[in-house]
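> sequence first, predicted coordinates after that:
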Amino acid sequence: MPSRTLLRRLLGVALLLPVASLSPAVVAAAADERTVDYQGLRLALPADWRVIDLDRHPEACLRLDVPTLYLGHAGTQSECTGRAAATRADTLHLEPIAGAPPRADIPTLAVDGGRALPPTEGDSNEVRYALRRTGVMATLSYGAAPDTVRALLARAVADARTRAGADAGAGGAAVRSWPAAPVATAAPAAVHAPRSAQEAFTGEGFDACTAPTQRSMDSWRAGSPFRAVGVYIGGRARACAQPQLTAAWVRRQAAAGWHLMPIWVGPQPWHSKSTGLSTDPSRANEQGRAAADGAVDAARSLGLPEGTVLYNDLENYSDRATWDAPSVAYLTAWTVRLHERGFRSGAYVAASSGVKALSAHYHQAPQAMPDVLWGAQWNGAASVSDKDMGLSGRTPQWVGPRRAHQFRGDHDASYGGVTLNIDRNWLDVDPAALGPVGGLPALS
């Protein structure tokens, strides 16, 4: 799940569009900023922002770690790589409300007429505003706080109102007020995916930075060896936006027989204001509980029922003296809180760091350990043996169908004419064999 090299990550810079090629926006260059017009909104962008026209470049990845204005509906996002962002950036995605997906993983607020943008924040550092007057859906992504990018959008909205009023006063045509069409919002909690979303499974699975299109999923179901898929449902360190991720997407994959691995990318064992885990175990404990609450809310919005295993992505670290204690505190708090809310816990950790830290503390609180251990060791072995998981031989820890092994990372694979950048995993997981959780009976 770590990112590729900086060169590959920033290939999107090739999509910086010259003034003449950008459509439907018009860009005017300035010394310290650029102005972009899009469907009645005029935005003054900092000079270091990329501008990507998704209609012209449907393969472009909506990365959340590079300052970018994205225009139009997202396409295949086939260029997406990486899983966790070391630093989240301010980004803005503008697209017509008509055809905008009903995102379940982030909050969506409707803005009518002269209303200001209501302040709000999301568990994944993303929020959406449905700007009904201009017919634009605006998705904001941010680092530590949304203030800067929200102010950028708010100025554009205010300017659009002012220009509309001036046009009307001069006898011109005012910007028309869009009808109060239904806004795409999260699916209600009562809509559940069938339990087949996590049937007992032993075999090969993959995960990708962004949920693949339905065409890609269908092609890979027919032509690939994979029958399990990991999908990133949220978290402050998530590297890619998820325009395909809806409750309907989840239901379709479950109905097709995919075993789903919902992944939350919370704070990470590195020093970062926007995505870092605290080195203080007590604060890391609080972060673990908050991550669990965010993951449960996202899972329920996506229609995943109680009892589902939710995986926390905690990336590799080399300084075990600093990060072992807060990592264990974070993941045990994550587990306890998930159990309190009726969900099961999984942890994606590296064999050389997180696996060893959890294993060393297992005897202290076995009931607070993740129900499923997902170890990353890119040795090419499709196995969940003790050795391949990074565990000591003949350990009783996570025995039975409670293991997954990521044995190859970050590579392109093609099946049925569809190429995706993926990690490969071998799973031996049966949620029904994990016993009761949060007062719920074992799944049957």
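The structure has been received and is ready for your questions.
> for the longest helix seen in the chain, give the mean pLDDT please.
Ordering each helix of the chain by length in residues (DSSP state H) puts helix 147-169 first. Mean pLDDT, helix 147-169: 80.
> same question for stretch 198-214.
The average pLDDT for stretch 198-214 rounds to 96.
> for stretch 364-378, same thing?
On average, stretch 364-378 scores 97.
> contacts for stretch 311-319?
Contact with stretch 311-319 is made by 1-2, 83-84, 230, 232, 235, 237, 261-266, 268-270, 277, 291, 295, 323, 327, 330-331, 334, 345-350, 352-354, 370, 372, 374, 376, as judged by Cβ atoms under 8 Å, 6 or more residues apart in numbering. To be clear about C-beta, it is placed using only N, CA and C from the backbone, and glycine gets the same treatment.
> hmm, back to that, put the alpha carbons of the longest helix of the chain into PDB.
This file holds the C-alpha atoms of helix 147-169, laid out as PDB (Å, rounded to 0.1, in the frame of the first residue of the first chain):
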ATOM      1  CA  ASP A 147     -10.600  26.900   5.700                       C
ATOM      2  CA  THR A 148      -8.400  27.800   2.800                       C
ATOM      3  CA  VAL A 149     -10.000  25.800   0.100                       C
ATOM      4  CA  ARG A 150     -13.500  26.600   1.400                       C
ATOM      5  CA  ALA A 151     -12.700  30.300   1.300                       C
ATOM      6  CA  LEU A 152     -11.500  29.900  -2.300                       C
ATOM      7  CA  LEU A 153     -14.800  28.300  -3.300                       C
ATOM      8  CA  ALA A 154     -16.800  30.800  -1.200                       C
ATOM      9  CA  ARG A 155     -15.200  33.800  -3.100                       C
ATOM     10  CA  ALA A 156     -16.100  32.200  -6.400                       C
ATOM     11  CA  VAL A 157     -19.700  31.600  -5.300                       C
ATOM     12  CA  ALA A 158     -20.100  35.200  -4.000                       C
ATOM     13  CA  ASP A 159     -18.600  36.500  -7.200                       C
ATOM     14  CA  ALA A 160     -21.100  34.500  -9.300                       C
ATOM     15  CA  ARG A 161     -23.900  36.000  -7.300                       C
ATOM     16  CA  THR A 162     -22.600  39.500  -7.700                       C
ATOM     17  CA  ARG A 163     -22.100  39.100 -11.400                       C
ATOM     18  CA  ALA A 164     -25.500  37.600 -11.800                       C
ATOM     19  CA  GLY A 165     -27.100  40.600 -10.000                       C
ATOM     20  CA  ALA A 166     -25.100  43.100 -12.100                       C
ATOM     21  CA  ASP A 167     -26.200  41.300 -15.300                       C
ATOM     22  CA  ALA A 168     -29.900  41.500 -14.200                       C
ATOM     23  CA  GLY A 169     -29.600  45.100 -13.200                       C
END
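> got a list of contacts for that helix?
Contacts of helix 147-169 (Cβ under 8 Å, 6+ apart): 40-45, 90-92, 111, 114, 116-117, 119, 129, 131, 133-134, 138, 140-142, 172-175.
> state the distance from the closest residue in space to Q214 that isn't next to it in sequence to S216.
In this structure, Q214 finds its nearest non-sequential neighbour in R252, 6.4 Å apart by Cβ to Cβ, 6 or more residues apart in numbering. For R252, the distance to S216 (Cβ to Cβ, to the nearest Å) stands at 12 Å.
> what about the two, which has more around it?
For R252 and S216, the more surrounded residue by other Cβ atoms under 10 Å is S216, and the numbers stand at 21 against 15.
> the more buried one and D313: what is the separation?
Using Cβ to Cβ, we find S216 at a distance of 22 Å from D313.
> which strand residues bridge the residue nearest to T210 when sequence neighbours are not counted?
Distance criterion Cβ to Cβ, 6+ apart; nearest residue to T210, sequence neighbours excluded, is C240 at 4.3 Å. Per DSSP bridges, the residues bridged to C240 are R63.
> many thanks, have a good one.
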